[in-house]
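K.L.:
I need the structure of the sequence given here:
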Amino acid sequence: MREAKSFVSRQADIIAAAIEVFAETGYYRATTTQIANRVQISQPYVFHFFASKEKLLQSALEVSWSRIITSFRKVVESASSERLEAELIAAYEQITESYRNEVLLQMQAQTIQEEAIRETMRYGFREVRKMVLKAFSQTKIPHPEEKAMLFLARGVLCNIATAIRMPELKESEKAGNTPC
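P.N.:
Just a heads-up that it's a prediction; the model follows:
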């Protein structure tokens, strides 16, 4: 049992290091040696857990999408219809503040051409969109398709604001109405 736990723990450590390294240097410039050094393991040991750097990126992206999906699911299950959108925004703001590197990683992955990475990104966006659209529809928010699209677009704008450290992109003309 101890061996299985250490395997899972070591794998999580590698993914966490990969998120940091990929976010800091970019996927193409990052090396598995840099990631291994961050975890204080040998570079070949990384390949004991992940068949390739691309598989490691996929796992890192899956972690980041899972965090968003889990957070949003909790909001959808607990928020009143009047507070749903505001609480989803607050949940995403918390993620962007606490897990900035994951946001940066997702932004980079949007431009990576490898099909496996594209599919991982499509899956994440698809799941978030489906959840938000369903929640908006069930709570009888007017024009749920348009509201869901606007919610996702605002999220992308918030990611840009986070990446380039331009908080005024997050500000709204209406007091108390932050887009992200």
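
K.L.:
right, and the secondary structure at Ser81 would be what?
P.N.:
Three-state call for Ser81 (DSSP: H, G, I helix; E, B strand; the rest coil): coil.

K.L.:
what's the nearest residue to it once chain neighbours are set aside sitting at in phi/psi?
P.N.:
Distances taken as CB to CB, 6 or more residues apart in numbering put Thr139 closest to Ser81, at 3.5 Å, once the chain neighbours are dropped. C-beta coordinates here come from the backbone N, C-alpha and C atoms, glycine included. Thr139 adopts backbone torsions of phi -90, psi 10, taken as degrees, to the nearest 10.

K.L.:
what about Thr139, neighbour count?
P.N.:
16 (other CB atoms under 10 Å).

K.L.:
Skipping its backbone neighbours, what lies nearest Leu169 in space?
P.N.:
Ala161 is the one closest to Leu169 (CB to CB, 6+ apart), at 3.7 Å.

K.L.:
residues making contact with whichever helix or strand that neighbour is part of?
P.N.:
According to DSSP states H and E, Ala161 maps onto helix 144-163. The contact list for helix 144-163, computed with CB atoms under 8 Å, 6 or more residues apart in numbering, reads 85, 88-89, 92-93, 96, 100, 103-104, 106-107, 125, 128-129, 132-133, 136-137, 141, 166-170, 179-180.

K.L.:
Derive a ChimeraX selection command for the buried subset of those residues.
P.N.:
The ChimeraX command for the buried members of the contacts of helix 144-163 (criterion: 16 or more other CB atoms under 10 Å) is given here:
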select :85,88,89,92,93,96,103,104,106,125,128,132,133,136,141,170,179,180
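
K.L.:
Among the contacts of helix 144-163, which ones are in helices?
P.N.:
Members of the contacts of helix 144-163 lying in helices (criterion: DSSP state H): 85, 88-89, 92-93, 96, 100, 103-104, 106-107, 125, 128-129, 132-133, 136-137.

K.L.:
For Gly155, see how far away Phe125 is.
P.N.:
Distance of Phe125 to Gly155, given as CB to CB, to the nearest Å: 10 Å.

K.L.:
tell me the mean pLDDT for stretch 68-76?
P.N.:
The average pLDDT within stretch 68-76 is 98.

K.L.:
Please identify the buried residues of it?
P.N.:
Quick answer for stretch 68-76 (16+ other CB under 10 Å): Ile68, Ser71, Phe72, Val75, Val76.
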